[in-house]
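In: coordinates for the following, if possible.
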Amino acid sequence: MISKENNGLKVSILASGSSGNVTYIESEKKKLLVDSGLSGKKITELLKKVDRDIADLDGILVTHEHRDHVHGVGVLARKYHLDVYANEQTWEAMSPIIGTIKTEQKYLFEMGKTMTIGDIDIESFGVSHDAIAPQFYSFHKNNKRFVMLTDTGYVSDRMRGIVSNADAYLFESNHDLEMLRMGNYPWHLKQRILGDKGHLSNEDGALALAEIIGDATKRVYLGHLSKDNNLKELAHMTAVSILKEKETGVEDKFLVFDTDPVAPTSLFVV
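Out: Sure, this is the predicted structure:
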């Protein structure tokens with residue numbers, strides 16, 4: 001009999017933050033990255049830290065064209081002949097950044113659609129961010145789900161309906177409101193981050209999580225922390241405090257984990 005653990009998805013958030021974002025997702029049949037916002041060399045090193053070889057990858061899913069999500073896409077796709085998945089508008093927007101990709105490696109993954117890659121069913125959904133057509137993903141396998149949701153200014157009712165009660169989340173906790181307001185960013189940048197097409201604050205992310213998590217939820221990873229306007233300890237404390245206040249069962253039914261811009265999380269099974 002195949003153990004449940006070996007039959008599930010294995011995930012590591014290799015890097016998460018304003019300097020670059022990469023997530024690794026593995027099943028029995030496929031090994032995928034979501035975004036490649038660091039250099040090929042750095043991503044290779046991060047994969048080695050979780051005992052994985054970059055040469056074994058099958059493909060890259062892209063969420064949107066911002067450089068902290070696509071910096072290494074072109075190099076990796078060309079060097080390791082990886083399939084790349086993105087919606088049509090994102091392909092157009094990121095092409096000048098990532099360079100030429102062979103036609104046979106380019107796949108359209110339209111927003112709001114579900115695609116099966118190997119033995120993983122992947123659902124795409126739109127978010128509210130200042131990119132051309134940003135979308136994130138919900139990964140389904142054996143009645144388990146891993147949801148990625150960062151780079152959004154708010155969480156709509158539509159998004160909540162799509163992502164609720166997943167087994168594990170990578171969820172945005174970008175900035176502390178006071179650190180951002182008191183910091184040295186120019187006013188227009190502060191307005192962008194705080195706007196409906198910006199990023200979720202620690203507080204707003206936690207409040208959204210409180211309405212989304214369910215009985216199936218076991219792990220929440222706080223992601224895309226700003227290096228200038230947040231602290232890992234502050235994001236974690238804010239999330240846990242609000243989730244306790246909302247009586248979600250945090251630290252009992254599920255745990256909150258940190259991510260890092262330069263170090264991967266341990267591989268976990270969904």
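In: and the helix or strand containing residue 90, what does it pack against?
Out: Residue 90 belongs to helix 88-98 when assigned by DSSP states H and E. Contact here means 3 or more Cβ pairs under 8 Å, 6 or more residues apart in numbering; DSSP states H and E; on that basis helix 88-98 packs against helix 67-70, helix 73-80, strand 106-108. C-beta: built from backbone N, CA, C; applies to glycine.
In: how does it look with 7 Å?
Out: Applying 3 or more Cβ pairs under 7 Å, 6 or more residues apart in numbering; DSSP states H and E, one finds that helix 88-98 contacts helix 67-70.
In: name the residues that touch the helix it packs on?
Out: Helix 67-70 is contacted by residues 18, 19, 20, 21, 35, 36, 37, 62, 63, 94, 97, 98 when judged by Cβ atoms under 7 Å, 6 or more residues apart in numbering.
In: what residues are up against residue 137?
Out: Applying Cβ under 7 Å, 6+ apart, we find residue 137 in contact with 34, 61, 122, 123, 124, 148.
In: redo that, cut-off 6 Å
Out: The neighbours of residue 137, taking Cβ atoms under 6 Å, 6 or more residues apart in numbering as the test, are 122, 124, 148.
In: sort out which of the contacts of helix 67-70 are buried, if you could.
Out: 18, 20, 21, 35, 36, 37, 62, 63, 94, 98 (16 or more other Cβ atoms under 10 Å).
In: identify, from those, the entry nearest to residue 228.
Out: Of all the buried ones among the contacts of helix 67-70, residue 228 sits closest to residue 18, with 7.5 Å by Cβ to Cβ.
In: packing partners of the top helix by length along the chain?
Out: Of all the segments assigned as helix in the chain under DSSP state H, the longest by residue count is helix 232-245. Helices and strands touching helix 232-245, as assessed by 3 or more Cβ pairs under 6 Å, 6 or more residues apart in numbering; DSSP states H and E, comprise helix 202-212, strand 255-258.
In: how about residues contacting the helix holding residue 90?
Out: Residues contacting helix 88-98 (Cβ under 6 Å, 6+ apart): 62, 64, 65, 70, 73, 74, 108, 132, 133.
In: my guess is residue 71 contacts residue 35. True?
Out: No: checked against Cβ atoms under 6 Å, the pair residue 71 and residue 35 is beyond contact range at 9.1 Å.
In: do a quick rundown of the helices in the stretch 51-200 of the chain.
Out: Listed in chain order, the helices found in the stretch 51-200 of the chain under DSSP state H, counting those that start in this stretch are 67-70, 73-80, 88-98, 157-163, 177-182, 187-194.
In: buried residues, the longest one. List them.
Out: This means helix 88-98. 89, 90, 91, 93, 94, 98.
In: separation between the fourth one and residue 49?
Out: Here the distance between residue 93 and residue 49 works out to 31 Å (Cβ to Cβ, to the nearest Å).
In: count of residues packed around the closest residue to residue 177 other than its chain neighbours?
Out: Leaving aside its chain neighbours, residue 177 sits nearest to residue 201 (5.1 Å; criterion: Cβ to Cβ, 6 or more residues apart in numbering). The local packing of residue 201 (other Cβ atoms under 10 Å) involves 26 other residues.
In: is it true that residue 201 touches residue 178?
Out: No: contact criterion Cβ under 6 Å: residue 201 and residue 178 do not qualify, at 9.8 Å.
In: stretch 219-233: end-to-end distance?
Out: Terminal residues of stretch 219-233 lie 17 Å apart, using Cα to Cα, to the nearest Å.
In: same question but for stretch 219-237, I mixed them up
Out: For stretch 219-237, the first-to-last residue distance is 16 Å (Cα to Cα).
In: identify the residues contacting the closest residue to residue 24 other than its chain neighbours.
Out: Leaving aside its sequence neighbours, residue 24 sits nearest to residue 12 (Cβ to Cβ, 6+ apart; 4.7 Å). Shown in contact with residue 12 (Cβ under 6 Å, 6+ apart): 24, 50, 264, 265, 267.
In: likewise for residue 119?
Out: By Cβ under 6 Å, 6+ apart, the contact list for residue 119 reads 27, 29.
In: per-residue pLDDT, it?
Out: Note for residue 119: predicted pLDDT of 98.
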